[in-house]
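In: just a sequence and a predicted model for now, questions to come.
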Amino acid sequence: MINIYGLVYPSTQEVIYVGQTRTSIEHRLDSHYWKLNEAKRGKRTMTKLFKFLDSYLPLRVQVKFCLLYTSDAADE
């Protein structure tokens, strides 16, 4: 099972990033911010997504559920 999600501006609801995860979308959002903190400490590369998240602080973007994808073993 794979969750497809979007990160959106809270004020405009504009989607700025689409991703996928096997965990909950809330956990994945927390993970993005955890990795941002690592990037700020020099332990990761500062990607465009991290730069965006950092520029939006102290506010946090919202995460929106887009699609649940499941696959049957016969389809693989």
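Out: The structure has been received and is ready for your questions. Residues are numbered from 1 along each chain as shown.

In: show residues contacting the lowest-mean-pLDDT helix or strand in the chain.
Out: Least confident element among the helices and strands of the chain, by mean pLDDT, DSSP states H and E: strand 62-69 (a mean of 86). Contacts to strand 62-69, defined as C-beta atoms under 8 Å, 6 or more residues apart in numbering, come from residues 1-10, 15, 18, 20, 25-26, 28-29. Just so you know, the C-beta spots here come from the backbone N, C-alpha and C atoms, and that holds for glycine as well.

In: if we use 7 Å, what do you get?
Out: 1, 2, 3, 4, 5, 6, 7, 8, 10, 25, 26, 29 (C-beta atoms under 7 Å, 6 or more residues apart in numbering).

In: among the residues you listed, which two are most distant?
Out: 1 and 10 (27.2 Å; C-beta to C-beta).

In: state whether residue 23 is indeed within a helix.
Out: No: under the criterion used here (DSSP: H, G, I helix; E, B strand; the rest coil), residue 23 is coil, not part of a helix.

In: that one: what's it in contact with?
Out: Applying C-beta under 7 Å, 6+ apart, no residues contact residue 23.

In: pLDDT at it, what is it?
Out: If you check residue 23, the pLDDT there is 92.

In: what's the local residue count around the closest residue to residue 59 other than its chain neighbours?
Out: Distances taken as C-beta to C-beta, 6 or more residues apart in numbering place residue 10 nearest to residue 59, at 6.8 Å, with adjacent residues excluded. Using other C-beta atoms under 10 Å, residue 10 is surrounded by 11 other residues.

In: from the contacts of strand 62-69, which land in helices?
Out: Of the contacts of strand 62-69, the ones assigned to helices by DSSP state H are 25, 26, 29.

In: for the closest residue to residue 25 other than its chain neighbours, which residues are in contact?
Out: Excluding the flanking residues, the one nearest residue 25 by C-beta to C-beta, 6+ apart is residue 5, at 4.3 Å. Residues near residue 5 by C-beta under 7 Å, 6+ apart: 19, 21, 25, 28, 63, 64, 65, 66.

In: tell me which residues form a beta bridge with residue 5?
Out: Following DSSP bridges, residue 5 is listed with bridge partners residue 19, residue 65.

In: nearest to residue 39, of the ones in helices among the contacts of strand 62-69?
Out: The closest of the ones in helices among the contacts of strand 62-69, once distances to residue 39 are taken by C-beta to C-beta, is residue 29, at 15.7 Å.
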